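K.L.:
pasting the sequence and the predicted model now:
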Amino acid sequence: MKFKTQFLLIIFSIFFSNNIFSKEINRSCDELLSDNKYEEALKTKKAEYKAAFCHGQAHLKLYHYDEALNDFRLASKLAKNDIDHSMADLLAGVSLKEANKLDEALLYFKNSISRTDINKAFKRLNLVEIGEILLLLAKHEEAAKSFLDAYGLAANDDERAFNLDRVAFAYASMGNFTKAIEYELKANLAFERTGLLGEYADSGINLALYYLEVNDLIPAERTLLKFEKLARENGGIYYLAKALYAESKYYKKKSNHELSKSKFDEANKIANDIGAEDLKALFKAI
């Protein structure tokens, strides 16, 4: 579950559309950006903060990472308040990360949170990005610590759940499934409180897979059946496929190869029916 640039872009689009951080909006660039007309958005002028920031977003959408970095750096210079400055700084770091300049991006984010004027929300986002980069660098224990630090700054259950889930993933990535189970259990409870059924199901299925890794089959079965039922009752066909795939692994552990194949075939059929390319790739990797 990679923390995606798209998530940050959505956040900042909401910030601008609701006029939270500034009174004036560069409607021409923002409107073109919201209509996915990125090349046209880049033809607008960028003499002030909003326009420079908008250009940076358009370049990110077009995978023009060097240009995006330059625009966000310009926006940071043009910022007239700490929040605008922090927003531009954060996206500059994201541009470096997306360009696969991981060491440079890591240093950039660490320098950002070292400033005393950065607010709590942006410090958390910087810590999340640091965690994601450390995962890419296979520094899993450091990544877990960064996500835990971010968890300490979380403002609501959504943020707490996300950070705990990433802590669990970091521990699972280093093969410490006991710790992964500990944190995924906490994440799952937090996701349940949010009412985000997709994330709740995803977390629950991950939890079951971690149980399987330590051969704790009773909670694995209980968890899988719970989330299969949730997916069927709520029309979550994508998550049903994931649950069935995990169940196929469970029954394989139990040496019930016939039922394992049946669950896998059902999961595979759903993935093909709904065109879930990520699931199809996952199932082919078995």
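P.N.:
Thanks, I have the structure now. Residues are numbered from 1 along each chain as shown.
K.L.:
going forward, measure contacts between C-alpha atoms and count neighbours the same way
P.N.:
Fine.
K.L.:
any stretches of the protein with poor pLDDT?
P.N.:
1-27, 116-117, 286 (pLDDT under 70).
K.L.:
the residue located most distally from the centre of it: which element?
P.N.:
Of all residues in the chain, residue 258 has its C-alpha farthest from the mean position, at 35.6 Å, by CA atoms, centre = their mean. Using DSSP states H and E, residue 258 maps to helix 257-274.
K.L.:
helices or strands next to that helix in the packing?
P.N.:
Judged by 3 or more CA pairs under 8 Å, 6 or more residues apart in numbering; DSSP states H and E, helix 257-274 is in contact with helix 237-253, helix 277-284.
K.L.:
indicate which one of the ones you listed is closest to residue 104.
P.N.:
Checking the helices and strands packed on helix 257-274 against residue 104 by CA to CA gives helix 277-284 as the closest, at 29.6 Å.
K.L.:
what's the angle from the closest one to helix 257-274?
P.N.:
For helix 277-284 against helix 257-274, the angle by axes from the mean of the first three to the mean of the last three CA atoms, to 10 degrees is 150 degrees.
K.L.:
quick one, helix 277-284 and helix 237-253 angle?
P.N.:
Using the same axes, to 10 degrees: helix 277-284 against helix 237-253 is 10 degrees.
K.L.:
buried residues of helix 277-284, list them for me.
P.N.:
Buried residues in helix 277-284, counting neighbours by 16 or more other CA atoms under 10 Å, are found at 279-280, 283.
K.L.:
can I get it as CSV, trimmed to CA atoms?
P.N.:
Extracted C-alpha coordinates of helix 277-284, given in CSV (Å, rounded to 0.1, in the frame of the first residue of the first chain):
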residue,chain,number,x,y,z
GLU,A,277,-5.0,-5.2,-13.1
ASP,A,278,-3.2,-5.1,-9.7
LEU,A,279,-5.0,-8.2,-8.6
LYS,A,280,-4.4,-10.0,-11.8
ALA,A,281,-0.7,-9.2,-11.5
LEU,A,282,-0.7,-10.4,-7.9
PHE,A,283,-2.4,-13.6,-8.7
LYS,A,284,0.0,-14.3,-11.6
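K.L.:
list the contacts for residue 122?
P.N.:
Residues near residue 122 by CA atoms under 8 Å, 6 or more residues apart in numbering: 86-87, 90.
K.L.:
relative to residue 82, how far out is the nearest residue in space to residue 108 that is not next to it in sequence?
P.N.:
Excluding the flanking residues, the one nearest residue 108 by CA to CA, 6 or more residues apart in numbering is residue 93, at 6.0 Å. In this view, residue 93 and residue 82 are 16 Å apart by CA to CA, to the nearest Å.
K.L.:
give me the more crowded residue out of those two.
P.N.:
More crowded of residue 93 and residue 82, by other CA atoms under 10 Å: residue 93, with 27 against 12.
K.L.:
in which helix or strand does that one reside?
P.N.:
Going by DSSP H and E, residue 93 is part of helix 82-98.
K.L.:
the next helix or strand after that helix vs helix 82-98, what angle?
P.N.:
With elements assigned by DSSP H and E, the helix or strand that comes after helix 82-98 is helix 102-114. Angle between the axes of helix 102-114 and helix 82-98 is 160 degrees (criterion: the same axes, to 10 degrees).
K.L.:
return the set of buried residues in helix 102-114.
P.N.:
Within helix 102-114, the residues that count as buried by 16+ other CA under 10 Å are 102, 105-106, 108-110, 112-113.
K.L.:
for stretch 198-209, same thing?
P.N.:
Across stretch 198-209, burial judged by 16+ other CA under 10 Å covers 199-209.
K.L.:
residue 147: which of those is nearest?
P.N.:
Comparing the buried residues of stretch 198-209 against residue 147 with CA to CA picks out residue 203 as the nearest, at 16.0 Å.
K.L.:
tell me the contacts of the closest residue in space to residue 60 that isn't next to it in sequence?
P.N.:
Nearest residue to residue 60 in three dimensions, chain neighbours excluded: residue 68, at 5.8 Å (CA to CA, 6+ apart). The contact partners of residue 68, by CA under 8 Å, 6+ apart, come to 55-60, 92, 95.
K.L.:
do you know how far residue 68 is from residue 272?
P.N.:
From residue 68 to residue 272 the distance is 36 Å (CA to CA).
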